[in-house]
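Visitor: A predicted structure for the sequence below; I have some questions about it.
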Amino acid sequence: MGTIHRSGVFKKTNDTARLIITTILGVVLGFFIGVTFPSISLYKIHLPSSLRSSFDVATSNDQEFFIVRSHETTGGNVSKIYVPTNPRGAELLPPGIVVPESDLYLRRLWGEPSGDLKKKPKYLVTFTVGIDQMNNIDTCVKKFSEDFQILLFHYDGRTTEWDQFEWSKNAIHVSVKKQTKWWYAKRFLHPDVVAPYEYIFIWDEDLGVEHFNAERYIKLVKRHGLQISQPGLEPNNGLTWQMTKRRGDREVHKVVTDEKPGWCSDPHLPPCAAFVEIMAPVFSREAWRCVWYMIQNDLVHGWGLDFALRRCVEPAHEKIGVVDSQWIIHQVIPSLGNQGMPEDGKAPWEGVRTRCKNEWSMFQNRLASADKEYLAQLGKG
């Protein structure tokens, strides 16, 4: 009996010693692991929802993001953040500091930022201009009130001469030589930059505006639910399509039936409906967000774009139209055409016109290919 008792005590002592030694080794090992890997970045680990409760999870504006506590070299407790719903590239920022959109408001270099703007323009008007049409642009700009921000794209590189106009001091000037308005639009009118503006005018420089009132135009566009529009064109000057010809007996029209023979096989499709030209279009910010993505980087003249605008609004034959009671005159001045280069004995404008036609064909082919590819992915091709 006594021998058995002494053996049990000895065994219990050994088990206790092993437990103490194992605990000490575990603490030491954990310390060295902690020193070797001082922080962990949760954004590199995609955890299933069942495991996320093991970490700090926070929400802000219906966005879920993850926080991992760690000691950084700054010496304090810093949180690593990953917000998958943030804009691409901003996932490591807390949602409250992310500013996904911008604007073209001009700001001063002093004072409180909150006092920079006496009035925020509601609409954006852009002209692609050269110095030869300076006086005509002056006339055009004076048709727009302070509710309209003016942006000039200078294709001839000359900006100083515009200082003679008082309004030019509050306009935005972008100068890159020998470029078209669609080249400028793709690069400087990103939807997230022009988001504050309800409507965006993207106009040529050779437009007569004697019969145009911008404020009334906006009212008519809103009244008739037009997401994409243009002023009616004077019938006797620079008219290409019947759809854009001014009708004198109405405020707005959205459909025509008197186009060239063979063009109106479907009365709800361009050029007989859901159609405006690219010389003086006006877009709602929602429609522009779609149109901007359709503009091709290398197809700078925009030919063919007018036939595809219908893809950005539904129903297009109701939301695209021509405002007849506020109309303009197309002066047909080929100033940008003269910015081309003479080749093979041809005048500069001839080379420009050839590229315009080629781009139209290229755009149509790209759009058709994109449609075909998409339908094939759906198994409908």
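Guide: Sure thing, it's come through. Residues are numbered from 1 along each chain as shown.
Visitor: Just grab the bridge partners of residue 229 for me.
Guide: residue 282, residue 321 (DSSP bridges).
Visitor: ok, now which ones touch it?
Guide: Listed by C-beta atoms under 8 Å, 6 or more residues apart in numbering, the contact set of residue 229 reads 221, 276, 281, 282, 320, 321, 322, 323. Glycine gets a C-beta too; all of them are placed from N, C-alpha and C.
Visitor: so who does the fifth one touch?
Guide: Residue 320 is in contact with 226, 227, 228, 229, 254, 273, 274, 275, 276, 309, 310, 313, counting by C-beta under 8 Å, 6+ apart.
Visitor: Let's have those in CSV, adding distance to residue 167, secondary structure and pLDDT.
Guide: Formatted as CSV, the contacts of residue 320 follow (distance: C-beta to C-beta, whole Å; DSSP: H, G, I helix; E, B strand; the rest coil; pLDDT from 0 to 100):
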residue, distance to residue 167, secondary structure, pLDDT
226, 27, coil, 98
227, 28, coil, 98
228, 27, strand, 98
229, 24, strand, 98
254, 33, coil, 96
273, 37, strand, 95
274, 35, coil, 96
275, 32, coil, 96
276, 27, coil, 97
309, 30, helix, 98
310, 35, helix, 97
313, 32, coil, 98
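Visitor: of these, closest to residue 214?
Guide: Distance ranking of these against residue 214, using C-beta to C-beta, places residue 229 first at 12.6 Å.
Visitor: any idea how far residue 379 is from the closest one?
Guide: Going from residue 229 to residue 379 by C-beta to C-beta, to the nearest Å gives 37 Å.
Visitor: Residue 354 now?
Guide: Noted for residue 354: a distance of 40 Å to residue 379, by C-beta to C-beta.
Visitor: higher neighbour count, those two?
Guide: More neighbours surround residue 354 than the other of residue 354 and residue 379, with 13 against 6 (other C-beta atoms under 10 Å).
Visitor: Can you tell me how far that one is from residue 340?
Guide: Note on residue 354: its distance to residue 340, by C-beta to C-beta, is 9 Å.
Visitor: got it, and residue 282?
Guide: For residue 282, the distance to residue 340 - C-beta to C-beta - is 28 Å.
Visitor: which of those two has more neighbours?
Guide: residue 282 (25 against 19).
Visitor: check contacts around that one.
Guide: Counting by C-beta under 8 Å, 6+ apart, residue 282 has contacts 199, 200, 201, 202, 217, 221, 228, 229, 230.
Visitor: For the third one, give me phi and psi.
Guide: It stands for residue 201. Torsion angles at residue 201 (phi, psi; degrees, to the nearest 10) stand at phi -90, psi 130.
Visitor: Pairing-wise in the sheet, spell out the partners of it.
Guide: Bridge pairing for residue 201 - DSSP bridges - gives residue 125, residue 282.
Visitor: Just list the residues touching residue 135, thanks.
Guide: With contact set as C-beta under 8 Å, 6+ apart, residue 135 has no partners.
Visitor: can you tell me the helix or strand for it?
Guide: helix 134-141 (DSSP states H and E).
Visitor: Now do the same for the nearest residue to residue 250 once chain neighbours are set aside: helix, strand or coil?
Guide: Spatial nearest neighbour of residue 250, chain neighbours left out: residue 324 (5.4 Å); criterion: C-beta to C-beta, 6 or more residues apart in numbering. When classified by DSSP: H, G, I helix; E, B strand; the rest coil, residue 324 comes out as strand.
Visitor: ok, back up a step: any chance of JSON lines for the contacts of residue 282, columns distance to residue 151?
Guide: Shown next, in JSON lines, are the contacts of residue 282 (distance: C-beta to C-beta, whole Å):
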{"residue": "199", "distance to residue 151": "13"}
{"residue": "200", "distance to residue 151": "10"}
{"residue": "201", "distance to residue 151": "9"}
{"residue": "202", "distance to residue 151": "10"}
{"residue": "217", "distance to residue 151": "18"}
{"residue": "221", "distance to residue 151": "19"}
{"residue": "228", "distance to residue 151": "19"}
{"residue": "229", "distance to residue 151": "19"}
{"residue": "230", "distance to residue 151": "18"}
